[in-house]
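Participant: Whatever this is, show me its structure:
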Amino acid sequence: MTPAAPATVLVFLDPRFDDGRIADASQPQLMATDQGATRGDGVFESMLAVGGNPRKLDAHLRRLQGSARALELAIPAEDTWRRAIATAVAEYRSQHPAGTPEEDETVVKLICTRGAEGGAAPTCWVQASAVPAAGRRQRETGIDVILLDRGYDSEVGERAPWLLLGAKTLSYAVNMAALRHAHNQGADDVIFTSSDGRVLEGPTSTVLLAHLDTSDDGAGGTRTVRRLITPQLDSGILPGTSQGALFAAAKAAGWELGYGPLEPRDLFDADAVWLISSIRLLAPVNHIDGKEIGTPALRKQLTDELNELFATIE
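Facilitator: Okay, the predicted model is just below:
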């Protein structure tokens, strides 16, 4: 019997291999002294490849470089990452053919650590794997979230840049602890707030909210204004690649856009709220702290409209 292919494909950025070195994901690959494992000292990106094509690749590579600069971490050039990504996605799809076009999605992670202690080079690799079933389900059914105080005020990012609040680092222990706390409370996810009462972000996502307003069209009738709002980036949150791409598509489709500052009451007053990320995509928020947001019909209507826009993003 032929053994099953590993669920994950690993491709290391190795200068001896132009297109990356495929490694056996079922065998140990990382040094025990690697500072990504011992200290969480590194950066990463996660993206979705659809039909073999990574979405928002340029934006993810730019953010990876920006995070690396914040950590003073020298990482390979973009072209090196692109070749390794292509190798990883092609290898994963050859090992795990999709049953339908709708299932042809691959999670692609780019990971770079400071390398083994005492070493001179970073450790970098691309990881290709399946989309988690929970993420697919939450796109359809929505999520319940709770508000949690992050413990910082909204100006700490500028005051203490060494906290790396705007960088996507491997130090995710706090984020994972927040999600476990939410699950213990019967919720699916979290929206962080600052100690001075501002809405920030989710542990692995960006917050979006929508308002529908009716106004005079100037010709004796009315028109509906659709407005998308997200928290201000200067409040110490990670710039969302999905949020940025969706805002561009929404603006072209006639939506009005806004950037906070937002407070919890703005979430409760919204017609719809979402947590958006590159893998789960748009997850409509059904309840926050037990209170329903909008109505099921309106949430679905607006989610469908934004999903149509999201499908046009490359």
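Participant: Okay, now the unreliable bits of the stretch 201-314 of the chain?
Facilitator: 215-222 (pLDDT under 70).
Participant: list the buried ones in stretch 134-154?
Facilitator: 135-136, 138-139, 142-146, 148, 150, 152, 154 (16 or more other Cβ atoms under 10 Å). Using the backbone N, CA and C atoms, a C-beta is placed for each residue, glycine as well.
Participant: Sorry, slip of the keys, the one I care about is stretch 29-48.
Facilitator: Applying 16+ other Cβ under 10 Å to stretch 29-48 flags 30-31, 34-37, 41-48 as buried.
Participant: Next: stretch 229-246.
Facilitator: By 16+ other Cβ under 10 Å, the buried positions in stretch 229-246 come out as 229-233, 235-238, 240-246.
Participant: need the helices for the stretch 1-150 of the chain, in chain order.
Facilitator: Counting by DSSP state H, counting those that start in this stretch, the stretch 1-150 of the chain has helices at residues 35-39, 57-70, 78-95, 133-141.
Participant: In a markdown table: those, plus distance to residue 123 and mean pLDDT.
Facilitator: Output for the helices of the stretch 1-150 of the chain, formatted as a markdown table (distance: least, Cβ to Cβ, whole Å; pLDDT from 0 to 100):
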| stretch | distance to residue 123 | mean pLDDT |
| --- | --- | --- |
| helix 35-39 | 7 | 94 |
| helix 57-70 | 13 | 95 |
| helix 78-95 | 13 | 96 |
| helix 133-141 | 27 | 90 |
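Participant: Next, work out how far apart the residue nearest the centre of the chain and residue 173 are.
Facilitator: In the chain, the residue lying closest to the centroid (Cα atoms, centre = their mean) is residue 277, at 3.4 Å. According to Cβ to Cβ, to the nearest Å, residue 277 stands 19 Å off from residue 173.
Participant: rewinding a little: excluding chain neighbours, what is closest to the residue nearest to the centre of the chain?
Facilitator: residue 205 (4.1 Å; Cβ to Cβ, 6 or more residues apart in numbering).
Participant: what helix or strand is the residue lying closest to residue 200 once chain neighbours are set aside on?
Facilitator: Excluding the flanking residues, the one nearest residue 200 by Cβ to Cβ, 6+ apart is residue 192, at 4.3 Å. Residue 192 belongs to strand 189-193 when elements are defined using DSSP states H and E.
Participant: Could you list every helix and strand in contact with that strand?
Facilitator: If you count contacts as 3 or more Cβ pairs under 8 Å, 6 or more residues apart in numbering; DSSP states H and E, strand 189-193 packs onto strand 143-149, helix 173-184.
Participant: Let me see the ranges of the strands in this protein.
Facilitator: Under the criterion DSSP state E, the chain carries strands at the ranges 9-12, 21-23, 42-50, 53-54, 105-113, 123-129, 143-149, 189-193, 206-216, 222-230, 256-259, 272-277, 281-288, 291-292.
Participant: Just want the angle from the third one to strand 272-277.
Facilitator: Read it as strand 42-50. Computed by axes from the mean of the first three to the mean of the last three Cα atoms, to 10 degrees, the angle separating strand 42-50 from strand 272-277 equals 110 degrees.
Participant: My read is that residue 234 contacts residue 157, right?
Facilitator: Yes: Residue 234 is in contact with residue 157 according to Cβ atoms under 8 Å; the separation is 7.0 Å.
Participant: And stretch 287-302, how far out from the chain middle?
Facilitator: 22 Å (Cα atoms, centre = their mean, to the nearest Å).
Participant: how about that stretch as CSV, C-alpha atoms only?
Facilitator: The C-alpha trace of stretch 287-302 is given here as CSV (Å, rounded to 0.1, in the frame of the first residue of the first chain):
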residue,chain,number,x,y,z
HIS,A,287,-23.2,38.1,18.7
ILE,A,288,-20.8,40.3,20.7
ASP,A,289,-20.9,39.6,24.5
GLY,A,290,-24.2,37.8,23.9
LYS,A,291,-25.9,40.7,22.1
GLU,A,292,-27.0,40.1,18.5
ILE,A,293,-25.5,42.4,15.9
GLY,A,294,-28.0,43.6,13.3
THR,A,295,-30.4,41.0,12.0
PRO,A,296,-29.7,37.6,10.4
ALA,A,297,-31.2,38.7,7.1
LEU,A,298,-29.2,42.0,6.9
ARG,A,299,-26.0,40.3,8.0
LYS,A,300,-26.4,37.7,5.2
GLN,A,301,-27.3,40.3,2.6
LEU,A,302,-24.2,42.5,3.4
